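Engineer: return atomic coordinates for the entry below.
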Amino acid sequence: MIKIYKYIYVEAKAAGTFRSSEHRELIDKYSEEGWRFITAIPTVFSGYGLIRQFDLIFEKEI
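Structural biologist: Numbers count the residues shown, from 1 in each chain. Below is the predicted model of the structure:
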């Protein structure tokens, strides 16, 4: 049997290098809704290479 998954991408802001707890709150929120956290992909950087924003990737079997 083939498993099919749905994916969502949730933007989260970072305070430099994961000093913010926003990502933890988002991961907890979506996992309570049945989503599984897969990874975080940096999407916006400062001029010094610090992560400013990233996408949290979640999946759910459909």
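Engineer: strands of this structure, residue ranges please.
Structural biologist: For the chain, applying DSSP state E gives strands covering 5-16, 36-45, 51-61.
Engineer: which residue, other than its chain neighbours, is closest to the most centrally placed residue in the chain?
Structural biologist: The centre of the chain sits closest to residue 56, judged by Cα atoms, centre = their mean, with a distance of 1.2 Å. Closest residue in space to residue 56, ignoring its immediate chain neighbours: residue 10 at 4.6 Å, by Cβ to Cβ, 6 or more residues apart in numbering. Just so you know, the C-beta spots here come from the backbone N, C-alpha and C atoms, and that holds for glycine as well.
Engineer: before we move on, what about residue 31?
Structural biologist: Of all residues not flanking residue 31 in the chain, residue 37 sits nearest, at 6.4 Å (Cβ to Cβ, 6+ apart).
Engineer: repeat that for residue 22.
Structural biologist: According to Cβ to Cβ, 6+ apart, the nearest residue to residue 22 is residue 12 (5.3 Å).
Engineer: so how far is residue 49 from residue 25?
Structural biologist: To residue 49, residue 25 is 25 Å away according to Cβ to Cβ, to the nearest Å.
Engineer: mind checking which of those two has more residues around it?
Structural biologist: A side-by-side neighbour count of residue 25 and residue 49, using other Cβ atoms under 10 Å, places residue 25 first with 11 against 7.
Engineer: report pLDDT for that one.
Structural biologist: Per-residue pLDDT puts residue 25 at 91.
Engineer: how far away is it from residue 12?
Structural biologist: Separation of residue 25 from residue 12 (Cβ to Cβ) stands at 9 Å.
Engineer: coming back round to it: closest one to residue 30 among the strands of the chain?
Structural biologist: Among these, strand 51-61 comes nearest to residue 30, with 5.1 Å by Cβ to Cβ.
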